[in-house]
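Undergrad: Next comes the sequence, and after it the predicted model I'd like to discuss.
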Amino acid sequence: MTTLLLVWFCLNVFAWVWYDQSPVSAAVAALTLAETFVKQERSSVTTLTKKTARWRKDPASEGQLNVLRRRRIPFTPTITKGEASALIDLANARRSG
């Protein structure tokens, strides 16, 4: 339920911000507002975003490895979920910027 609420919130904020800004800056603004909302209103789910979250130390998922391979992003055989997530986030930021 919390995830659905967050998705709904992001989509509504994105649509609202879209009118005044470019698509990229609108998306960044929507994401920033959504993250602020989660930190203030749903603090129990912020463990996903913590740099020290336990999941970040697990081996990268097959899905993450497939994304890295498809985008030709080099990685080590022992890459973790956290490292893969950071590489994918960086690649996404470069694509949209």
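TA: That came through, no problem.

Undergrad: List the buried residues of stretch 61-77.
TA: For stretch 61-77, the neighbour count (16 or more other CB atoms under 10 Å) marks 64, 67-68 as buried. C-betas here are computed from N, CA, C, even on glycine.

Undergrad: Secondary structure, distance to residue 39 and pLDDT for these - can I get that in TSV?
TA: As requested, those are exported to TSV (DSSP: H, G, I helix; E, B strand; the rest coil; distance: CB to CB, whole Å; pLDDT from 0 to 100):
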residue	secondary structure	distance to residue 39	pLDDT
64	helix	25	95
67	helix	27	94
68	helix	29	94
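
Undergrad: give the contact list for residue 51.
TA: residue 82 (CB atoms under 8 Å, 6 or more residues apart in numbering).

Undergrad: Is it part of a helix or strand, or is it coil?
TA: coil (DSSP: H, G, I helix; E, B strand; the rest coil).

Undergrad: do you know how far it is from residue 96?
TA: Per CB to CB, to the nearest Å, residue 51 is found 22 Å from residue 96.

Undergrad: same question, residue 36
TA: Residue 36 is 20 Å from residue 96, by CB to CB.
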